[in-house]
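*Asks:* Quick one, fold the following:
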Amino acid sequence: MKKREGKTPVKPPHFLSLGFITYDLYENRKIIGGASAYSAILARNFGFDTAIVTSIGKDFEECDSLKGCRLSYQIDERTTTFVKKRVQYVTSIADRIKEETIPDEWFNSAIVYISPVLDELEETIIRRFERSGSLIGVAPQGWMRRVDHRDRGKVSKKSWEKAAEVLSKADFVIVSEEDIFEEDIQKYVELSDIFVLTRGRRGAELYCGGEERREREYEHIVIPAFDREAVEVDATGAGDVFGAAFLLRYYENRDVLESAIFASSAASFVVEKAGVAGIPYKDEVEERMEKYLLR
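*Replies:* The predicted structure is shown next:
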């Protein structure tokens, strides 16, 4: 195994995502997936200097989707690959991402999105970014999943044992209702400054805790899903784009509610196309958001 870096200077990016870039098998096609890819592509589309730290396999092929995103990665035998069905399965898993795969300068990124999909990161990695003063977003789905290799690699959810160690250090946390036990929601909310629970077509629930709760007029508010202009094709990645869009907007304005509405607008584009093809550009998001607010 070895680390590889791009040829561009190893300067800190504005937006850094950490986690597996995956393959998703969709209608007999292999397409790029993973929270790190969805979030980084959105940041790139918004015009920000963007980078990904990941672990991929020898079978990984460069694609146009990731052009403009800097990569620092490890090479394993096979890229982590999901089979997209009603019940999720994984056919191969790359090696875990080592801390030394992250260039030292990248720990000074303005925004970091820690987004494991299958326990590929140590939870302790957040401490390095906390010390550097980065705006830290966490999508912890990969720490809340188990793989049953006796049942064809079936993926199911589990309780997250180290939640307290991570959530207390994050500025923003986003979790899908599909990955969390309902009885754990209140505990996660209490540990987080800003916590978002996504509920698909029912929108998202925004919770403010800690310092945020003291500064806001609300503790909990429902963010509706945007009326979409096309039929839903594939909801994969919508939550990842929501998280990245929130972080990018919040970094600019520190307005929790406006950032959440902006993020909901961004997520509404993703479901209209398969894979990363639906990830929008900033002007598209703002235009749809403006129409929504006018209504």
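*Asks:* From the chain's centroid, how far away is the helix or strand that contains residue 126?
*Replies:* Applying DSSP states H and E as the criterion places residue 126 in helix 126-132. How far helix 126-132 lies from its chain's middle: 18 Å, per CA atoms, centre = their mean, to the nearest Å.
*Asks:* how far is stretch 14-32 from where the chain is centred?
*Replies:* Centroid separation for stretch 14-32 versus its chain: 11 Å, with CA atoms, centre = their mean.
*Asks:* no, scratch that, I was asking about stretch 163-172
*Replies:* In terms of CA atoms, centre = their mean, the centre of stretch 163-172 is found 15 Å from the chain centre.
*Asks:* Any stretches of the stretch 51-200 of the chain with poor pLDDT?
*Replies:* Residues of the stretch 51-200 of the chain that meet the criterion pLDDT under 70 lie in 85-86.
*Asks:* what ranges do the helices span in it?
*Replies:* Here the stretch 51-200 of the chain has its helices, by DSSP state H, counting those that start in this stretch, at 126-132, 163-167, 185-191.
*Asks:* and the second one, which residues are buried?
*Replies:* By neighbour count with 16 or more other CB atoms under 10 Å, helix 163-167 contains the buried residues 163, 166, 167. For the C-beta atoms, the positions are set from N, CA and C on the backbone; glycine is no exception.
*Asks:* tell me the contacts of the closest residue to the last one other than its chain neighbours?
*Replies:* Put plainly, it is residue 167. Of all residues not flanking residue 167 in the chain, residue 191 sits nearest, at 3.8 Å (CB to CB, 6 or more residues apart in numbering). With contact set as CB atoms under 8 Å, 6 or more residues apart in numbering, residue 191 has these partners: 163, 164, 167, 168, 209.
*Asks:* What are the phi and psi values at the fourth one?
*Replies:* So that's residue 168. Backbone geometry at residue 168, expressed as degrees, to the nearest 10, gives phi -70, psi -20.
*Asks:* Could you report the neighbour count for it?
*Replies:* Counted with other CB atoms under 10 Å, residues neighbouring residue 168 total 14.
*Asks:* how close does the nearest residue to it once chain neighbours are set aside get to residue 82?
*Replies:* Leaving aside its chain neighbours, residue 168 sits nearest to residue 191 (5.6 Å; criterion: CB to CB, 6+ apart). According to CB to CB, to the nearest Å, residue 191 stands 28 Å off from residue 82.
*Asks:* With that, I have no additional questions.
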